[in-house]
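Novice: Any chance you could fold what I've pasted below:
(one chain, ligands or ions: 3)
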Amino acid sequence: MCGITATINADANQAVSAEIYESLGMLQHRGQDAAGIITCGQKGRLYQCKANGMVRDVFPPDQLASLLGYMGLGHVRYPTAGTSSNSEAQPFYVNSPYGIALAHNGNLTNAEELREFLDQDAHRHVNTDSDSELLLNIFANNLQQTGKFRVNEDDIFMAITKLYSQCRGGYACVGMIAGFGLIGFRDPNGIRPLTFGERPAANGVGVDYMMASESVCLEALGYSNFRDVRPGQAVIMTGSKLTVRQCIEPREFTPCIFEYVYFARPDSVMDGISVYKARLAMGEALAMAVEKKLGKNLDIDVVIPVPDTSRTSALQVSYKLNKLYREGFIKNRYIGRTFIMPGQQMRVKSVRRKLNPMPMEFAGKSVLLVDDSIVRGTTSREIVQMAREAGARKVYFASCAPAIRYPNVYGIDMPTRSELIAYGRQDDEVAQAIGADCVIYQNLEDLIESVAKFSPDVTTFDVSVFNGKYVTGDINERYIVDLERQRSDSAKRARVPVSETVIGLHNILHANK
Ligand SMILES: O=P(O)(O)OC[C@H]1O[C@H](OP(=O)(O)OP(=O)(O)O)[C@H](O)[C@@H]1O
Ligand SMILES: NC(=O)CC[C@H](N)C(=O)O
Ligand SMILES: [Mg+2]
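Specialist: Ligands and ions are numbered 1, 2, ... in the order given. Presented below is the predicted three-dimensional model:
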């Protein structure tokens, strides 16, 4: 899902790298494969450090100080396009025109067309398989068309407006133009999130600005007056000045519902909706679904969450059903999220290493396990087996999200139908496949209602993984088949490993080794 962040301090002597590092730590749950920071110092010079790995490993604290400058971008990566090579770690940089860097959350659905355009018409060199590098070059090319020695805000908004007509898919982006300032923009459907805020500068003169995928980063760093970038809108932040412009007529506002189900932190507020409140509501609605399926006289002794994400909802399921809530699985706090790990083998191994059952909570009991979602079934299969090994008499499995039967094309790496456990299976067949006595899914209307009821203006969402309806309107069977061919687990395994050398701008991490 990737996490993006950007900061510009009003005081040009106030370095940003430490705070960007901190906010990347707060976005780690959105991407565990790679991380990067690029900053811009006085005289417009850029400094960069990026590589594969977790935030704490990519940026040795003593080297953070060498990322000089008062403005910068940060990124944590969970790949959905290209490869997992170091060279595709973000932010990306192009020197012409003006020195531009960009960090992207999302996925472009017309990447091949853009690649061809950049090669044949724009004559720009693209050095990796990343769709984010394409996005950056499209923007750079649009800006280049101005032919100006120096650009102004109107030129930048125009370049973004043009980009909206060229790029399709889901994208929330933060960018930086050397010596000028920061930009941020969000796709016309607002599928991927982007929020921004401000705070008084440390020296009391002017205002600092920050953008991030999730509001937690802004909150922790003392920013306030949070607003979300609206679909098709763009922002420009320069020393103490913020300009917001609606670049194109927005399409239907359809944020990704999976942010609320799984991706975002519960303490974030996205598009005005508290993720925590939405998860409580999902739990309430799920409790009703459980009662409907299993009857009023529930044979359930205890409700057990599958840590971590389902905890908030599971608590509400137990409250509504008036059944005991117990932490039956203990999570190893040093193991990250398994769903966003790159290969199936690694995911399966990690579930067992990550979660360990407390036998006394299972022995002789009928348990209701609650998770936020069942995607490939990796977690549920292992968890049900663990519950049985620990002596459970009956194992019911409830999911806050409906059955997932369609690929995601907007920034979640679920590209292959056959890898989804509910694909081609009825609910009872899913139960059989994961070894549960029964599977209870939330229905789609209830999920939508659980999230939408907290929003002042969002009524619809991108729910394509549940119903196969893609909000951008450009996805056909041929695209899906192609995606499966390129990005299935087996296709990724078969790929010849690319060089692990970092390609690109002078990289501080490697320079100092
Ligand atoms: O059916 P699957 O393919 O296993 O995917 C779904 C599971 O993966 C996620 O957990 P994850 O371990 O990634 O993160 P969490 O600790 O935040 O729950 C999600 O919360 C489900 O538990
Ligand atoms: N999950 C994401 O947002 C991925 C961003 C981009 N498509 C990449 O693969 O790097
Ligand atoms: Mg989980």
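Novice: Okay, and the closest residue to G44 other than its chain neighbours sits in which element?
Specialist: Leaving aside its chain neighbours, G44 sits nearest to G179 (3.1 Å; criterion: Cβ to Cβ, 6 or more residues apart in numbering). In this view, the C-beta of every residue, glycine as well, is placed from N, C-alpha and C. Of the helices and strands defined by DSSP states H and E, none includes G179.
Novice: Equivalent analysis for A18, please.
Specialist: Residue-wise, A18 maps onto helix 17-26 under DSSP H and E.
Novice: Which secondary structure elements does that helix sit against?
Specialist: Here helix 17-26 is seen to pack against strand 3-8, strand 34-40, helix 55-58, helix 61-64, strand 71-77, helix 215-220 when contacts are counted using 3 or more Cβ pairs under 8 Å, 6 or more residues apart in numbering; DSSP states H and E.
Novice: what do you get if the cut-off is 7 Å, keeping everything else the same?
Specialist: Helices and strands touching helix 17-26, by 3 or more Cβ pairs under 7 Å, 6 or more residues apart in numbering; DSSP states H and E, are strand 3-8, strand 34-40, helix 61-64, strand 71-77, helix 215-220.
Novice: So for the residue nearest to G44, what's the pLDDT?
Specialist: What the model reports for G179 is a pLDDT of 90.
Novice: burial count for it?
Specialist: 16 (other Cβ atoms under 10 Å).
Novice: just the helices in the stretch 401-513 of the chain please.
Specialist: 427-434, 444-452, 464-467, 477-487, 489-494, 508-511 (DSSP state H, counting those that start in this stretch).
Novice: go on, the stretch 201-350 of the chain?
Specialist: 215-220, 258, 275-294, 311-321, 344-354.
Novice: List just the one of these that sits closest to N127.
Specialist: helix 344-354 (27.6 Å; Cβ to Cβ).
Novice: following that closest one, which helix or strand comes up?
Specialist: Next element after helix 344-354 (DSSP H and E): strand 355-357.
Novice: Give me the residues contacting that following strand.
Specialist: P307, G328, F329, I330, K331, I383, M386, A387, A390 (Cβ atoms under 7 Å, 6 or more residues apart in numbering).
Novice: Of all the residues in this structure, which one is nearest ligand 2?
Specialist: Residue nearest to ligand 2 within the chain: C2 (3.0 Å; Cβ to the nearest ligand atom).
Novice: So that residue is in contact with Y78, correct?
Specialist: Yes - if you go by Cβ atoms under 7 Å, C2 and Y78 touch, sitting 5.4 Å apart.
Novice: re earlier: gap between the residue of the chain closest to ligand 2 and M176?
Specialist: Distance from C2 to M176, counting by Cβ to Cβ, to the nearest Å: 17 Å.
Novice: ok, now R45?
Specialist: For R45 relative to M176 (Cβ to Cβ), the value is 12 Å.
Novice: So the two - more neighbours on which side?
Specialist: M176 (27 against 13).
Novice: what's the neighbour count on the residue lying closest to that one once chain neighbours are set aside?
Specialist: Nearest residue to M176, sequence neighbours excluded (Cβ to Cβ, 6+ apart): A101, at 4.7 Å. A101: 27 surrounding residues under other Cβ under 10 Å.
Novice: next one: the one 3 residues further on
Specialist: Neighbour count for H104, taken as other Cβ under 10 Å: 29.
Novice: State the helix or strand in which it lies.
Specialist: Judged by DSSP H and E, H104 forms part of strand 100-108.
Novice: Now do whichever helix or strand comes after that strand against helix 477-487: the angle between them, please.
Specialist: Going down the chain from strand 100-108, the next helix or strand is helix 111-120, by DSSP H and E. Helix 111-120 and helix 477-487 are oriented at 80 degrees to each other (axes from the mean of the first three to the mean of the last three Cα atoms, to 10 degrees).
Novice: What lies in contact with helix 111-120?
Specialist: By Cβ under 7 Å, 6+ apart, helix 111-120 touches A81, L108, R124, V126, D131, L134, N137, I138, N141, Q166, C167.
Novice: just curious, which of those is nearest to D427?
Specialist: Closest to D427, out of all of the contacts of helix 111-120 and judged by Cβ to Cβ, is A81, at 32.2 Å.
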